[in-house]
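Peer 1: need coordinates for the following:
(one chain, ligands or ions: 2)
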Amino acid sequence: MNYCDVVVDLQSGDTGKGKVTHSLLESGEYNLVLRYNGGSNAGHTIYHKGEKIVTHQVPAGVLYGIKSLIGIGCVVNIPKLIDEIKMLNDHGINTDGLIHVDYRAHVVTEEHLTEDGNDTSIGTTKQGIGPCYRDKYDRKGIRITELTYDQSRDKYFTLVDSLPFFKDARILAEGAQGFELDIDWGDYPYVTSSHCTVGSVCLNGISPKKIRKIYGVAKAYETYVGTKDFGMDCEELLKIQILGQEFGATTGRPRKCNWIDLNKLAYAATVNDITHLIVNKIDILDKVGRYVYIEDFERHDAGSRLGLISQIVNALPDNIKVVFSDSPHTI
Ligand code: IMP
Ligand code: MG
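Peer 2: Ligands and ions are numbered 1, 2, ... in the order given. Model (predicted):
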């Protein structure tokens, strides 16, 4: 392996990782994209050649004809994966020979979907994620390689051992969900069942010594989907939801909005030891005309766009390159 750069979400998902990954791939620096956690609970919205494409399980590399791997730490919904690949093909994206799944990744079953479909406690995406990871850790799960071989799947994806894939590779690792949803670091129990921090990349077989750049992604405000109380207690936050089009890519549910919490952002930046921070959607605050942030559990008004930018930069650990991006298409 030559190197591995990582894209990791510092908030509760939906910060624009899909866009960041897609933009980074344009550089031609990478020849393998690794998805390192989660399953079809993710929804990555990408604008590719002017078209809006939402992916759930397929790593963004395929859009550029780059080999893509769904890693050992992921869980796979096979019918949904095939539907997604067909959807990409219908958009004219050739996926032939590009999509690979580690043979040890676990399978989301009908039973997992039924059980999770009845969840009312934390507001899951109902994609069977919790039950699937539970069965994996309970040693009752099904690895994808255990399923009866079905030749018709070969034209969509192949099962592989990840390790040989990493040899001589220049990797971009694409995360799903985010820090606040991490099973260990997140706001338990309002979390997903996978690891959403940079360490998760290594669990997929990447040497920690090969990790080069770590791109943390955040929004200039926060969103969260699920049952816990979160923001939405003033007119401006309601406006942010509408103007920011904060509706789930997987479930269509409205995302609850709150102001950015700088203590949490700095904490997530530290745990992930990010080298770069991309802050998306500050243009939405421009439209609302308010630049509020949370520090030490209190709301403060930064007064202006520049005021908020300097508060964010000052809150971070040293030596992080910060980019503020206003475009839904690129960074
Ligand atoms: P699960 O991952 O479907 O089990 O859902 C657990 C929690 O994580 C719920 O609050 C979901 O709304 C949230 N969640 C899971 N995936 C995503 C995502 O990709 N974006 C935002 N929230 C997510
Ligand atoms: Mg999303």
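Peer 1: could you use CA atoms for every contact and neighbour count after this?
Peer 2: Fine.
Peer 1: confidence score at the residue lying closest to Glu180 once chain neighbours are set aside?
Peer 2: Leaving aside its sequence neighbours, Glu180 sits nearest to Gly186 (Cα to Cα, 6 or more residues apart in numbering; 3.9 Å). On pLDDT, Gly186 comes in at 98.
Peer 1: do I have it right that Gly186 meets Gln177?
Peer 2: No: using Cα atoms under 8 Å, Gly186 is not in contact with Gln177, being 10.6 Å away.
Peer 1: helix or strand: which one has Ala173?
Peer 2: Following DSSP states H and E, one finds Ala173 within strand 170-174.
Peer 1: that should have said Leu306, apologies.
Peer 2: Using DSSP H and E, Leu306 sits in helix 305-315.
Peer 1: list the contacts of that helix.
Peer 2: Under the contact criterion Cα atoms under 8 Å, 6 or more residues apart in numbering, helix 305-315 has outside partners 262-263, 266, 282, 285-286, 291-293, 302, 322.
Peer 1: residues in contact with the following helix or strand past it?
Peer 2: Using DSSP H and E, the helix or strand that follows helix 305-315 in sequence is strand 321-325. By Cα under 8 Å, 6+ apart, the residues outside strand 321-325 that reach it are 275-282, 313, 331.
Peer 1: can you show me the helices along the stretch 201-331 of the chain?
Peer 2: Taking DSSP state H, counting those that start in this stretch to define them, one finds helices in the stretch 201-331 of the chain at 235-243, 262-271, 282-288, 305-315.
Peer 1: out of these, which is closest to Arg153?
Peer 2: Arg153 lies closest to helix 262-271 among the helices of the stretch 201-331 of the chain, at 38.7 Å (Cα to Cα).
Peer 1: state the mean pLDDT of the closest one.
Peer 2: Averaged across helix 262-271, the pLDDT comes to 98.
Peer 1: how far does it sit from the chain's center?
Peer 2: A distance of 17 Å separates the centroid of the chain from that of helix 262-271, by Cα atoms, centre = their mean, to the nearest Å.
Peer 1: same thing with stretch 163-182?
Peer 2: 11 Å.
Peer 1: ok, stretch 96-113 next?
Peer 2: On Cα atoms, centre = their mean, the centre of stretch 96-113 falls 18 Å from that of its chain.
Peer 1: that stretch: which residues count as buried?
Peer 2: Neighbour-count burial for stretch 96-113 flags 97-109, 112-113 (criterion: 16 or more other Cα atoms under 10 Å).
Peer 1: cheers, nothing more for now.
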